[in-house]
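**Q** Take this sequence and fold it.
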Amino acid sequence: MNTIFDAEIPALGETTALRRIGIAADHGGFELKLYLTGKLRESGYEVVEFGDQKLDLDDDYPDFVLPLSEAVACGDLERGVAICGSGVGASVAANKVPGVRACLIHEGFSAHQGVEDDDLNVICVGGLVVGHALAWELVKIFLDAKFSGAERHCRRLQKVAVLESAQTLRTQ
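**A** Residues are numbered from 1 along each chain as shown. Purely as a prediction, here's the structure:
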């Protein structure tokens, strides 16, 4: 194992079974969240839902995405799936949590490359943009991908961690 930011990172070639996954969505991603939650459970994942629990057109994505992101950042969850209408707001909110590396993903290459090179730990999807079949395929790719642990990627992530630390100090 390689160690970055006090987190265990699998070395290249090591495999780990991701099994505890979080999911969150506002009204724009509610239907897709229901679908993905079912598919994840059918596939043997333990799914922790962060809401919304009912369709509420007045809900706000940060209310669900931030608790999901905090659970990923502290290690309670291996990875997270965040959904809003476009996926953009979910990505913005998730990335405000230090230790979270979230990205809007609507195609397969970035779903695995983001994990392999950038240790992506939260995938963001647009519930009004991506159909069910494609969203499920993207989530499977994301969950099957492993961080490479390559020196250049570790070096880059360390620079990101320094930026996060500096931002945290400025806001205190």
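**Q** can you give me phi and psi for residue 139?
**A** Main-chain torsions, residue 139, degrees, to the nearest 10: phi -60, psi -40.
**Q** so it touches residue 40, yeah?
**A** Yes: if you go by Cβ atoms under 8 Å, residue 139 and residue 40 touch, sitting 7.4 Å apart. Yep, even glycine has a C-beta here, placed from its N, CA and C like the rest.
**Q** neighbour-wise, which of those two wins?
**A** Neighbour count, other Cβ atoms under 10 Å: between residue 139 and residue 40, residue 139 has more, with 23 against 20.
**Q** how close does the more buried one get to residue 149?
**A** 23 Å (Cβ to Cβ, to the nearest Å).
**Q** Direction included, what does whichever strand or helix holds residue 125 pair up with?
**A** For residue 125, the host element (DSSP states H and E) is strand 122-126. Applying DSSP bridges to the sheet, strand 122-126 is found paired with strand 79-84 (parallel), strand 102-104 (parallel).
**Q** Distance from the last one to the middle of the chain?
**A** Going by Cα atoms, centre = their mean, to the nearest Å, the spacing between the C-alpha centre of strand 102-104 and its chain's C-alpha centre is 7 Å.
**Q** After that strand, heading C-terminal, what element do we hit next?
**A** Of the helices and strands lying after strand 102-104 in sequence (DSSP H and E), the nearest is helix 108-118.
**Q** which other helices and strands contact that following helix?
**A** If contacts are counted by 3 or more Cβ pairs under 8 Å, 6 or more residues apart in numbering; DSSP states H and E, helix 108-118 sits against strand 102-104, helix 132-144, helix 151-171.
**Q** Look up the residues forming beta bridges with the residue most central in space within the chain.
**A** Closest to where the C-alpha atoms of the chain average out (Cα atoms, centre = their mean) is residue 122, at 0.8 Å. Residues in a beta bridge with residue 122, per DSSP bridges, are residue 80, residue 102.
**Q** Only alpha carbons, please: show stretch 153-160 as CSV.
**A** Output of stretch 153-160 as CSV, limited to C-alpha atoms (Å, rounded to 0.1, in the frame of the first residue of the first chain):
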residue,chain,number,x,y,z
HIS,A,153,0.0,10.9,-9.8
CYS,A,154,0.9,10.8,-6.1
ARG,A,155,3.0,13.9,-6.6
ARG,A,156,0.1,15.7,-8.2
LEU,A,157,-2.3,14.7,-5.5
GLN,A,158,0.1,15.9,-2.8
LYS,A,159,0.0,19.3,-4.5
VAL,A,160,-3.8,19.2,-4.4
